[in-house]
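In: Need a 3D model of the following:
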Amino acid sequence: MTAAATDGDPGTRGTRSVKSAALWAASSQYSLFALQFVTSVVISRFFLKPEEIGLFSVALAAAMVLSIIQDFGLQRYIGRHPTGDRAMVRSCTAIAITFSLVLAGVIYAIAHPLSRLYSEPRIEPILRLIAASYIFVPWSIVPMALLARKLDFRSTFAINLSGALANSAAALTLAWLGWSSFALAWGMIAQAVVRAVVAQIARPTFPGRGISGSEIRAILKFSAGTTPIYLSGGIGVRTPDMIVGGLQGMTAAGLYSRGAALAAQLHTLVVGAVSAIYYPTFARLRDEGKELGPYYERVVAAHGAIVWPAMALLAVLSEPVILMLYGPGWAQAAPLLAFVAVAECFFVALPLHVDLPILLGRMRLLLWFNLADTALSVATLAAGAAMGVEAAAASRIVYGLGWFCLYALWLQRLIGFSWTAAVHIYARSALVALATILPAILAITLWRTPSTLGFLGLAATGVTSALAWIGAICLLRHPAREDLAGMAAHVIAPLISRFKARAG
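Out: Numbers count the residues shown, from 1 in each chain. Down below sits the predicted model:
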């Protein structure tokens, strides 16, 4: 969805603000992706083995299941608050600090029982380091929510980038020094501290005087509805590493984590950048009394045009990608990556499945859907993991299909998008994905094998597939083509202007 969502704003100011926000959000997301990606590749290829990655992944997953309550719905509350006054800011800050301390204490307390459950004593100190990082998180939550409320993603870019740099520097240095899985945990602490400092510089927030009892009650009432939803969803999203580690061991957990993370990182790379602007943009549309259905169809089209081809290509080239990035020691992660990448296509077919129901006040019903969603995720994964790590990854496709069937009818009734338009979008997106992967299929069957494709072959295949993608978007007249062209023009126009200015 692009700036056309703000047609009702005076002149083009709303349009430009959303486009500018999208570009700054994209810059932030891509910078974070680059740092996280390079750090994970270097650490996995040169310093840590799958078992060591698995240890950290299990500990982090346990912490993140609980850390869903860290935000306590504050970002959504701040985003929808009518005034954003001082009482609201100070009340939100007080609640964020309180819950972060409680969360850190709970994570610290479960460290020992969890290490005994897995019969792995190294989990305990890793989890306690992770617990310490959450003490610093509240000092960035409220400032960044306030900045996002104003679509000031330039400042959030600085905050996120500084934190990511601190994480990468600490993790790489300590991994090089032989700190094993602990290097990743200390990287989390470094990131949380630096993000907190930079966020407070950009937008200072302190509890202090002026906390409103009525505001506290309003926040608690809102969060009481959203927190169970996020907690339920977090269990489904964060427990795979724990389930695989418990049933198949830490090495299997490391392989699964690396394959799933790579698919998630690509998803973030191609669409996660602009996802941060969706909630405030749809909130604006709602406040203006506009129908959300047509704009939602544009979001679906954008995701289908970008994510489906990207994930299909990643699935086809999973083996050469894993070998190039992580080396032969991680070759077993290739089929896991392929399965998870295919499953991602289901999850982007119905974007904003949590955000929009919350925005439209359907939190109670959303909770029931989330509980069913979580049960489906855990059940399918446990059944697969009992058979093996590849079956665990394959179970994500079964879960993805069930997830789509679970939410499809409800979201259509809630948002009001057209099924005819959606099916048209899905069909065109599938054809674009097929056209995109055709050069890759030919490359690993007629030209070389997946294990011998190499860097140059992979690069050539990627460029050919990208050209095929562009051609398919245009020839098939994909519904997202105008939005994609508009965003490209918005990026290129300043560069052309600068070039002409220098040439003149």
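
In: so what does the helix ranked longest in the chain touch, helix or strand wise?
Out: For the chain, the longest helix by residue count, based on DSSP state H, is helix 86-117. When contacts are defined as 3 or more C-beta pairs under 8 Å, 6 or more residues apart in numbering; DSSP states H and E, helix 86-117 sits against helix 50-71, helix 74-80, helix 123-133, helix 138-149, helix 213-238. For glycine as for every other residue, the C-beta is placed from the backbone atoms N, C-alpha and C.

In: per-domain residue ranges of this structure.
Out: 1-29+259-368+409-504, 48-238 (automatic domain parsing).

In: The shortest one: end-to-end distance?
Out: Okay, so that is domain 48-238. 22 Å (C-alpha to C-alpha, to the nearest Å).

In: How far off centre is it?
Out: Relative to the centre of its chain, domain 48-238 is centred 15 Å away, using C-alpha atoms, centre = their mean, to the nearest Å.

In: Can you report the mean pLDDT over the residues of that domain?
Out: Domain 48-238 carries an average pLDDT of 82.

In: got it, and stretch 347-355?
Out: If you average the pLDDT over stretch 347-355, you get 89.

In: one step back: what's the angle between the longest helix of the chain and helix 138-149?
Out: Angle of helix 86-117 versus helix 138-149, following axes from the mean of the first three to the mean of the last three C-alpha atoms, to 10 degrees, is 130 degrees.

In: dump the residue contacts of the closest residue to L101 other than its chain neighbours.
Out: In space, and not counting its chain neighbours, L101 is closest to I135: 6.8 Å by C-beta to C-beta, 6 or more residues apart in numbering. For I135, the contact set (C-beta atoms under 8 Å, 6 or more residues apart in numbering) comprises S100, L101, A104, A192.

In: L103 versus I135, what's the distance?
Out: 9 Å (C-beta to C-beta, to the nearest Å).

In: Check L371 too.
Out: 22 Å.

In: Looking at those two now, which is surrounded by more residues?
Out: The neighbour count for L371 versus L103, taken as other C-beta atoms under 10 Å, is higher for L103 (22 against 16).

In: My read is that that one contacts S67, right?
Out: Yes - taking C-beta atoms under 8 Å as the definition, L103 is a contact partner of S67 at 6.2 Å.

In: Adding mean neighbour count and distance to W176, write the helices and strands packed on helix 86-117 out as TSV.
Out: Listed next are these as TSV, based on neighbours: other C-beta atoms under 10 Å; distance: least, C-beta to C-beta, whole Å:
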stretch	mean neighbour count	distance to W176
helix 50-71	24	14
helix 74-80	20	35
helix 123-133	22	18
helix 138-149	24	27
helix 213-238	18	29
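
In: For Q248, which of those helices is the nearest?
Out: Closest to Q248 of these is helix 50-71 (C-beta to C-beta; 9.5 Å).

In: so what's A169 up against?
Out: A190.

In: Mind giving me the PyMOL select for the contacts of I135, buried ones only?
Out: Selecting only the buried entries of the contacts of I135 in PyMOL, with 16 or more other C-beta atoms under 10 Å as the criterion:
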select buried, resi 100+104+192
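
In: if we can go back for a sec, how about TSV for the helices and strands packed on helix 86-117, with distance to A460 added?
Out: Rendered in TSV, the data for the helices and strands packed on helix 86-117 read as follows (distance: least, C-beta to C-beta, whole Å):
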stretch	distance to A460
helix 50-71	30
helix 74-80	42
helix 123-133	41
helix 138-149	40
helix 213-238	35
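
In: out of these, nearest to A443?
Out: Once these are compared by C-beta to C-beta, helix 50-71 is nearest, at 27.8 Å.

In: From what I see, P50 and G329 are in contact.
Out: Yes - the criterion here is C-beta under 8 Å, and P50 meets it with G329 at 7.3 Å.

In: Now for those two: what residues contact both?
Out: Common neighbours of P50 and G329 (criterion: C-beta under 8 Å, 6+ apart): none identified.

In: H478: what secondary structure?
Out: coil (DSSP: H, G, I helix; E, B strand; the rest coil).

In: Need phi/psi at it.
Out: phi -60, psi 140 (degrees, to the nearest 10).

In: which stretches of the stretch 401-504 of the chain form helices?
Out: 419-442, 454-475, 481-503 (DSSP state H, counting those that start in this stretch).

In: Let me have those helices in CSV, adding distance to G234 as columns.
Out: As requested, the helices of the stretch 401-504 of the chain are arranged in CSV below (distance: least, C-beta to C-beta, whole Å):
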stretch, distance to G234
helix 419-442, 28
helix 454-475, 33
helix 481-503, 31
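
In: Of those, flag the one that's most buried.
Out: helix 419-442 (a mean of 18; mean count of other C-beta atoms under 10 Å).

In: That helix packs against which elements?
Out: Looks like helix 419-442 contacts helix 293-316, helix 454-475 (3+ C-beta pairs under 8 Å, 6+ apart).

In: Mind listing what's buried along the longest one?
Out: To tie it back to what came earlier, the one meant is helix 293-316. Buried, per 16+ other C-beta under 10 Å, within helix 293-316: 294-316.

In: Can you dump the C-alpha atoms of it in PDB for me?
Out: The C-alpha coordinates for helix 293-316 follow below in PDB (Å, rounded to 0.1, in the frame of the first residue of the first chain):
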ATOM      1  CA  GLY A 293     -11.200  -3.100   1.600                       C
ATOM      2  CA  PRO A 294      -9.700  -1.600  -1.500                       C
ATOM      3  CA  TYR A 295      -6.600  -0.500   0.400                       C
ATOM      4  CA  TYR A 296      -6.200  -3.900   1.900                       C
ATOM      5  CA  GLU A 297      -6.400  -5.500  -1.600                       C
ATOM      6  CA  ARG A 298      -3.400  -3.300  -2.500                       C
ATOM      7  CA  VAL A 299      -1.400  -4.500   0.500                       C
ATOM      8  CA  VAL A 300      -2.300  -8.100  -0.500                       C
ATOM      9  CA  ALA A 301      -1.200  -7.400  -4.100                       C
ATOM     10  CA  ALA A 302       2.100  -5.900  -3.000                       C
ATOM     11  CA  HIS A 303       2.900  -8.900  -0.700                       C
ATOM     12  CA  GLY A 304       2.000 -11.300  -3.400                       C
ATOM     13  CA  ALA A 305       4.000  -9.600  -6.100                       C
ATOM     14  CA  ILE A 306       7.100  -9.500  -3.900                       C
ATOM     15  CA  VAL A 307       7.100 -12.200  -1.300                       C
ATOM     16  CA  TRP A 308       5.700 -15.100  -3.300                       C
ATOM     17  CA  PRO A 309       8.400 -14.900  -6.000                       C
ATOM     18  CA  ALA A 310      11.100 -14.300  -3.400                       C
ATOM     19  CA  MET A 311      10.100 -17.200  -1.200                       C
ATOM     20  CA  ALA A 312       9.600 -19.500  -4.200                       C
ATOM     21  CA  LEU A 313      13.100 -18.600  -5.500                       C
ATOM     22  CA  LEU A 314      14.600 -19.200  -2.000                       C
ATOM     23  CA  ALA A 315      13.000 -22.600  -1.900                       C
ATOM     24  CA  VAL A 316      14.400 -23.600  -5.300                       C
END
